[in-house]
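Q: Give me the fold of what follows.
(one chain, ligands or ions: 1)
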Amino acid sequence: MEMLKITGLHKRFGDKEVLRGLDLSVPEHSVFGFIGRNGAGKTTTMKMILGLLKADAGEIRVNGEKAVYGQTGTNRHIGYLPDVPEFYPFMTAPEYLRFCGEITGMTKADIAGRCEELLELVGLREERHRIKGFSRGMKQRLGIAQALLNRPKLLICDEPSSALDPVGRKEILDLLLAVREQTTVLFSTHILSDVERICTDVALLDHGTAGIQGKLADIRSRYRSDEYTVETENKAGMLTLQEVFPFMRHTGPNQLVFREEDSRVFDIMRFAADRQIPLLKIEREEATLESLFMEVVEK
Ligand SMILES: Nc1ncnc2c1ncn2[C@@H]1O[C@H](COP(=O)(O)OP(=O)(O)OP(=O)(O)O)[C@@H](O)[C@H]1O
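A: Have a look, this model is predicted:
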């Protein structure tokens, strides 16, 4: 089942058309990477999911219910971490979470249990300092705890890892992966290596629509264009191979590179064996998400 379904979403600011018929399907319990360059419209989309911004056209359904601008009904299913979360700096982490629990009407017993559980989850259980002394990473982790307080079915995080150092980023990514059991995670980012690390599903927002989307594994195999490097022992061998297999590019001393079907490697190996051309190296480099997306964006 889809936890979030967006159909034909349009949004224009003045003469700038940001979304031009965006369709998005976020399966339940997925970790969904919503990718797009700066200004692509990721935050705009998230604000519309939360009913904070009016769409020009299109439909958004959260857990099967229609999200309506200015109404908060569907937000009971959502936990949201904005790109720059704001806190009361004079509070400690437990004080802040308890406060959030109280204003959202949770019972005292539920608040106590849930706060304990979430502080443990985000690694802030032993933290006694006030929030004003927190690092960016600690604030993001506290923000995730707060967003999870009401056991949302959908956790939306706007660029949760973008401003963090590698250690802080890893902590956040591990956390998003860990909470997948209890919720569905939709997070926006422009860091493709983060997506490769934890996402089950992705969508690339490009020119107002989802250029590609689906299971990361499927996308990889659909757009797969692994690169092969072949290195011969001598120049004569390299030149013979290049003559017979003209799709190979000369990239270094006795080195040829190509992107073709896997079967071509066997053709090359057979040919090299028949002609006794000594090969020093045959290497396959898997296509990165970055190279896949650049292929799509540049088309
Ligand atoms: N209230 C607004 N009025 C006018 N233009 C806006 C408004 N909000 C967003 N925009 C414009 O819409 C475009 C999309 O912005 P948005 O913040 O959704 O992008 P984003 O993908 O989240 O980018 P970033 O990674 O930089 O946060 C940008 O060009 C932005 O300037």
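
Q: Can you show me the helices along the chain?
A: Using DSSP state H, the helices of the chain run over 42-49, 93-103, 108-121, 136-148, 166-178, 192-198, 216-222, 235-244, 263-274, 289-298.

Q: and of these, who's closest to residue 257?
A: helix 235-244 (10.8 Å; CB to CB). For every residue, glycine as well, the C-beta is placed using N, CA and C.

Q: Restrict that closest one to CA atoms and write it as CSV.
A: Provided in CSV are the C-alpha atoms of helix 235-244 (Å, rounded to 0.1, in the frame of the first residue of the first chain):
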residue,chain,number,x,y,z
LYS,A,235,50.6,-1.2,-27.1
ALA,A,236,50.3,-3.6,-30.1
GLY,A,237,47.6,-5.6,-28.2
MET,A,238,45.8,-2.5,-27.2
LEU,A,239,45.7,-1.2,-30.8
THR,A,240,44.5,-4.6,-32.2
LEU,A,241,41.6,-4.7,-29.6
GLN,A,242,40.6,-1.1,-30.4
GLU,A,243,40.6,-1.9,-34.1
VAL,A,244,38.4,-4.9,-33.7
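
Q: Can you spell out which helices and strands pack onto it?
A: Applying 3 or more CB pairs under 8 Å, 6 or more residues apart in numbering; DSSP states H and E, one finds that helix 235-244 contacts strand 227-232, strand 255-258, helix 263-274.

Q: any idea how far residue 236 lies from residue 230?
A: For residue 236, the distance to residue 230 equals 14 Å [CB to CB, to the nearest Å].

Q: who's more crowded, the two?
A: Neighbours were counted for residue 236 and for residue 230 using other CB atoms under 10 Å; residue 230 has more, 25 against 11.

Q: can you pull up the bridge partners for the more buried one?
A: For residue 230, the beta-bridge partners are residue 256, residue 282 (DSSP bridges).

Q: Touching, it and residue 248? I think so.
A: Yes: Residue 230 lies in contact with residue 248 (CB atoms under 8 Å); the separation is 6.9 Å.

Q: Just list the residues touching the spatially most central residue of the chain, thanks.
A: Centroid-nearest residue in the chain, with CA atoms, centre = their mean: residue 33, separated by 2.5 Å. Contacts for residue 33 (CB atoms under 8 Å, 6 or more residues apart in numbering) come out as 187, 189, 194, 195, 198, 199, 201, 202, 203, 216.

Q: how many neighbours does the fourth one have?
A: So that's residue 195. There are 24 residues near residue 195, going by other CB under 10 Å.

Q: What of the third one?
A: Other residues lying near residue 194 total 23 when counted by other CB under 10 Å.

Q: before we move on, what about the second one?
A: Other residues within reach of residue 189, judged by other CB under 10 Å, total 22.

Q: For it, give me its contacts.
A: Counted by CB under 8 Å, 6+ apart, residue 189 has contacts 33, 34, 35, 159, 160, 161, 162, 195.

Q: Dig out what the third one forms beta bridges with.
A: According to DSSP bridges, the residues that bridge with residue 35 are residue 189, residue 204.

Q: my guess is it meets residue 196, correct?
A: No: if you go by CB under 8 Å, residue 35 and residue 196 don't touch, sitting 10.7 Å apart.

Q: of all the contacts of residue 33, which comes closest to the ligand?
A: Here the nearest of those to the ligand, counting by CB to the nearest ligand atom, is residue 189; it sits at 8.5 Å.

Q: That closest one and residue 180: what is the separation?
A: From residue 189 over to residue 180 the distance is 16 Å, taken as CB to CB.

Q: ok, now residue 196?
A: 16 Å.
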